[in-house]
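K.L.:
sequence plus predicted model, see below.
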Amino acid sequence: MRFLLACLLALLFAAPLRAETAAEILSANAALVEKASRQTIAPVIDALGASGDPTVSTILAAWAEKGLGIRKSDGIFFLITANEGGYALRDLTGAAAGQAAKSDITELKPNAGVRGMIATALVQFTLSDPDATKRAAALESIAKDPKPEALTPLRAAIVNEPDATLKAQKQRLERLLTLRFDQDSAARIVAINSFGADLGLDLRGALNPLLATTKLASAEPPTSNIARELKPGRDLTETEAYDLLVAANLAPARLTIAAARTALIANLVNGAVGGVPLAELNTQAARDRAYTALESAGTVPQAATDDEAAAALKAHHFYDIYTEPDPAVTAAASAALKSIGHKVAAMQAADLALDGLSLASIYFLAAIGLAITFGVMGVINMAHGEFITMGAYTGYVVQLYVPNYTASILIALPLAFAVTFAAGVAMERLIIRHLYKRPLETLLATFGISIALQQILKNVFGTQARPLTSPAWLDGALSFNDVVSISYIRIAIFVLALLFLTFFLWLMKRTRLGLEVRAVTQNPTMAASMGINPDRINMLTFGLGSGIAGIAGVAIGLFAKVTSELGTDYIVQSFMTVVVGGVGNIWGALAGATMIGGLQKLIEFFNPSNTLAAQTYMILFIILFIQFRPRGIIALKGRAAGD
Amino acid sequence: MTRSFLTRTPSLLIFIACLALFTIAVTLAAHYGLMSTSFVKTLGKTLCLCLAALAMDLIWGYAGILSLGHMAFFALGGYMIGMWLMYARTEEIVVASLMNSGLPATPEEIQQGIASQIFGVVGASDLPAIWSFAHSLPLQLILVVALPGLLALIFGWLAFRSRVTGVYLSILTQAMTLALALYLFQNDSGLRGNNGLSGLQNLPGLDAVSQDTISLWFFWASAAALGLAYLALSWIVSGKFGSVIRAIRDDEARVRFLGYSVEGYKLFVFTLTAVIVALAGALYYPQAGIINPAELAPIASIYLAVWVAIGGRGRLYGAVIGAAVVSLLSSWFTGGRAPSIPLGFMTINWVDWWQVLLGAAFVCVTLFAPKGIGGLFDAFAGLRAPDRKGAPLGPDQGSLQEKEAVE
């Protein structure tokens, strides 16, 4: 009797789900709606969406924004708006229905999970919303979380779309959904082929799930859509293959070493296990023997030893099975992905080239000062790295006083030049000019300066990284498509590097100072007898090289952490740039930077998880490269080459 | 022959005597509890650094090759001995723990236990191939010499045959040590990435022996190695070989035209010093207890050059004195034991300012006393510089200026 009653009640509650109008659905499920939770409310929202009632979108929107209430006296739903007297009521079609006191109405407060579900249900209505921004948002939300249900409303919303861009977006999204969710596989294949080698991430995101596979082990070839057969030991490890067998109940669990141990210890009788003496159990073979003996005696569960596992692997086949059942669809999808893959590879090569170029310009910027001091004057300046650091700290200090980032960078660039120019001139006057004849000792003396400067910077600015913020217009990136992009800051550094190259060429080839520098470099005695003061020229050249290091410091500080060890990270690379490129030649430094930067990015591309390894291999390559071109890529010839 | 060798190197007997006296004094002080174990270890480590500086002096002071990569060989030697120490020590622990678990251990279990003990920290559980000799002390001891020696041989051969000289060679050796350090910093390099090898002060099988005894053993071993190396290098530089390498330093081209195989001599010196430095490292790191890739940073090798320059190049005792003085001073200053100097507006705290002092001292030594501390001994012994009327001793830029050199 009680059972019958329960059935009747269930029928009563179940039946209204098929009701036609929104009001009926709501009142039939009033209890569910009032205490809505993510787990239980789905059928109600689906029923509302499917009802075709024109008021549904208003109701759902009101519900999500706490604008739906129940009158306590009779359980009727109203659209409510709070005012001073309580709530202004409208019935579900939107007609005014008077006023109610606050205590008479239960305001529905859906939680975040339910609001999310309501929003999904609302999408189909917002797709045809008069407001274009709302339509765009709806499209975005479908694209973010594609569902089969969205397909029908989306198709319905295409024809009447007035905005051309939105229409194109809708059509694209429709094809993306079609290729995933349509019932008809011919339509899906057409949708797949319609894209060609499109580079969009959304297309790859839609195609990849079609090719998702699961691994399957079976004795006979299965009838499902096979991607390929897997050979244990080649495509998957034997442990994985055996685990598949175990999961499919085709073989007993493998005997792990630890499990065997425990079993053997538990069955230790009179100093022997299964007839094998304890002292002999120090090899795996003896343990297997003992375990098999226990197995046949029935004291331990069946478990596969290594030999048995190998036999089981041989007796079965392993397959990758597409979760997508239709082979025509998977074939089309994999063909599409393959042609996309080729195009992506080409684009990645372009992106890589851009990356390499920007790294090259960083190295060039760091090395151009060295190309002057080391390349032209032959002075090894180990403190070059510290000059770079000083430049970066100058930028930081300027930003402390000038809050506008654009202005502060514009001030910092010449100021950093001035600071490091002064430091360079002081160093040249006090130390280096005494050591021109002894290059190895310049290396050591400037190293002394380097450790002292580094420690002083550490004492002044502390060990933690200081911020050097780039202006807002340098944020973001210039992207050509989903694959190729480059950040503006890198473009800025590239431009800066180009500027310096031009400046340097102009200075050396077109000015009196450049002429004198070249003269002093080639033959100081002869230059002196022509009325050039070599001391002054050396001082200015060294100051110039140091000053450029300071500017490079500001540029590097914009994207790297400004610490007292900033320069140390670049010093070895900078020296290698100059050595690889060829000493005494600005084009050499450029060639060296391009080669090192490009190569490093290339190696990183092949081994993306590991920049350390990339640097290691690059240095090894450079060591080998020096074997073949000991004087660098662009070697000076004739008298200018010195010895 | 013996007589003439001793008369040619009068410093040898004095040096050996000083070293012996020092060793006896430290032993007695440690025996009567006047010296802490950690200080004995510091002295032992200093002796190893002196040994490395001795080798550096041979290659830089005598052969004129400023290598900025010798500390890489030092660390490699340490790594090689460290692998055995760590393996053997872990094996003891693993075997002991397996012994208590009921069954006699299989070789595979021991192997697996050791691998997961050592490599758990970098998320691996297999012994990499480079550890295949780690179970055997003799093999690993051979590797201490063979691996750095081989590396130096290959690198030196490549560098010298393409006539890379002077500062280029310095930069290239610096690149080599940087590459090695970066390689070892990776977790999958097989040497525990930046964790390095640790617990090296515990000698396997010698749990019963206390650390103060072990520290004395290593101190004696370091002193003996330094004495022997000093003897060997004095003999090498006092003979014809020494004359040739000094000639290479002063004018490489002329030596080549005289028919000597300059590359062969350089390669020999490079490899020999690499091996000596590696031995020093193998003695150093069991006393330090831990080794990690930071030890290979290019700056470590530059410090080695700094010690030799401060001590005085071209004088074997100079290198030893320089290394001892600078590294002991360095540990005194950075250890926080040096008194701070209040200056009114600020206080000079030596932990922060020692590097500045060192850098400044270094600049001063390079500028004003190119002969370093060893120059004081020259002045004392009344050695005079040759009078070449201001001309350099050789046309090469790496050669000594007249005022720094004595015949």
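P.N.:
It's in.
K.L.:
contacts, neighbours, all on C-alpha from now
P.N.:
Will do.
K.L.:
now do the same for the residue nearest to the spatial centre of chain B: its pLDDT.
P.N.:
For chain B, the residue nearest the mean C-alpha position is residue B:52 (2.8 Å; CA atoms, centre = their mean). At residue B:52, the model reports a pLDDT of 95.
K.L.:
check contacts around the residue lying closest to it once chain neighbours are set aside.
P.N.:
Distance criterion CA to CA, 6 or more residues apart in numbering or on different chains; nearest residue to residue B:52, sequence neighbours excluded, is residue B:277 at 4.8 Å. By CA atoms under 8 Å, 6 or more residues apart in numbering or on different chains, residue B:277 lies in contact with B:51-52, B:55, B:70-71, B:73-74, B:77.
K.L.:
for whichever helix or strand the residue nearest to the centre of chain B is part of, buried residues please.
P.N.:
According to DSSP states H and E, residue B:52 maps onto helix B:37-56. By 16 or more other CA atoms under 10 Å in any protein chain shown, the buried positions in helix B:37-56 come out as B:37, B:40-56.
K.L.:
just the CA atoms of that helix, as CSV, please.
P.N.:
In CSV, the C-alpha atoms belonging to helix B:37-56 read as follows (Å, rounded to 0.1, in the frame of the first residue of the first chain):
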residue,chain,number,x,y,z
THR,B,37,88.5,20.0,14.6
SER,B,38,86.9,22.6,12.2
PHE,B,39,90.1,24.7,12.3
VAL,B,40,92.2,21.6,11.5
LYS,B,41,89.9,21.0,8.6
THR,B,42,90.2,24.6,7.4
LEU,B,43,94.0,24.3,7.5
GLY,B,44,93.8,21.0,5.6
LYS,B,45,91.5,22.6,3.0
THR,B,46,93.9,25.5,2.7
LEU,B,47,96.8,23.1,2.0
CYS,B,48,94.7,21.7,-0.8
LEU,B,49,94.1,25.1,-2.2
CYS,B,50,97.8,25.8,-2.0
LEU,B,51,98.4,22.6,-4.0
ALA,B,52,96.0,23.9,-6.7
ALA,B,53,97.7,27.3,-6.6
LEU,B,54,101.0,25.5,-7.1
ALA,B,55,99.7,24.0,-10.3
MET,B,56,98.3,27.3,-11.4
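K.L.:
chain center to that helix, what's the gap?
P.N.:
Averaging C-alpha positions (CA atoms, centre = their mean, to the nearest Å) puts helix B:37-56 9 Å from its chain's average.
K.L.:
tell me the helix or strand right after it.
P.N.:
Sequence-wise, the next helix or strand downstream of helix B:37-56 (DSSP H and E) is helix B:70-99.
K.L.:
list the buried residues in that next one.
P.N.:
Here helix B:70-99 shows B:70-91, B:93-95, B:98 as buried, counting by 16+ other CA under 10 Å.
K.L.:
check which helix or strand residue A:427 maps to.
P.N.:
Assigned by DSSP H and E, residue A:427 falls in helix A:405-430.
K.L.:
does any part of that helix sit near chain B?
P.N.:
No: for helix A:405-430, no contact with chain B is found by CA under 8 Å from any CA of the partner chain; the gap never falls below 9.8 Å.
K.L.:
helices and strands around that helix, which ones?
P.N.:
For helix A:405-430, the packing partners by 3 or more CA pairs under 8 Å, 6 or more residues apart in numbering or on different chains; DSSP states H and E come out as helix A:384-401, helix A:534-557.
K.L.:
burial of residue 257, as a residue count?
P.N.:
Reading this off chain A. By other CA atoms under 10 Å in any protein chain shown, the residues close to residue A:257 number 15.
K.L.:
that was the other one, I meant chain B.
P.N.:
For residue B:257, the count of nearby residues is 10 (other CA under 10 Å).
K.L.:
now do the contacts for it.
P.N.:
So residue B:257 contacts nothing (CA under 8 Å, 6+ apart).
K.L.:
who in the stretch 101-250 of chain B is up against chain A?
P.N.:
Contact residues (CA under 8 Å from any CA) of the stretch 101-250 of chain B with chain A: B:102-108, B:158-159, B:162-164, B:166-168, B:171-172, B:174-176, B:178-180, B:182-183, B:185-186.
K.L.:
just the helices in the stretch 301-407 of chain B please.
P.N.:
Secondary structure of the stretch 301-407 of chain B by DSSP state H, counting those that start in this stretch: the helices cover B:316-334, B:350-368, B:374-381.
K.L.:
now do the phi/psi pair for the residue nearest to residue A:135 when sequence neighbours are not counted.
P.N.:
Leaving aside its sequence neighbours, residue A:135 sits nearest to residue A:127 (CA to CA, 6+ apart; 4.8 Å). Main-chain torsions, residue A:127, degrees, to the nearest 10: phi -60, psi -30.
K.L.:
what about residue A:127, how many residues nearby?
P.N.:
With other CA under 10 Å as criterion, residue A:127 counts 24.
K.L.:
ok, residue A:85 touching residue A:98?
P.N.:
No: with contact defined as CA atoms under 8 Å, residue A:85 does not reach residue A:98; the gap is 11.4 Å.
K.L.:
what about residue A:45, which helix or strand?
P.N.:
Counting by DSSP H and E, residue A:45 is found in helix A:42-51.
K.L.:
pull out the buried positions in that helix.
P.N.:
Neighbour-count burial for helix A:42-51, with 16+ other CA under 10 Å as criterion, is recorded at A:42, A:44-45, A:47-49, A:51.
K.L.:
how about the strands in the chain?
P.N.:
Going with chain A. Per DSSP state E, chain A carries strands over the ranges A:68-71, A:77-83, A:86-90, A:96-100, A:105-107, A:213-218, A:226-230, A:272-273, A:276-277, A:317-322, A:477-479, A:485-487.
K.L.:
I was thinking of chain B, sorry if that wasn't clear
P.N.:
B:197-198, B:290-291, B:341-342, B:347-348.
K.L.:
quick one: strands adjacent to the last one?
P.N.:
Looking at strand B:347-348 with DSSP bridges, its partner strands are strand B:341-342 (antiparallel).
K.L.:
now the partner strand, how far from the centre of its chain.
P.N.:
Taking mean C-alpha positions (CA atoms, centre = their mean), strand B:341-342 and its chain are 35 Å apart.
K.L.:
make a markdown table from the helices and strands packed on helix A:405-430 and add mean pLDDT and mean neighbour count to it.
P.N.:
Below are those laid out as a markdown table (pLDDT from 0 to 100; neighbours: other CA atoms under 10 Å in any protein chain shown):
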| stretch | mean pLDDT | mean neighbour count |
| --- | --- | --- |
| helix A:384-401 | 92 | 26 |
| helix A:534-557 | 90 | 26 |
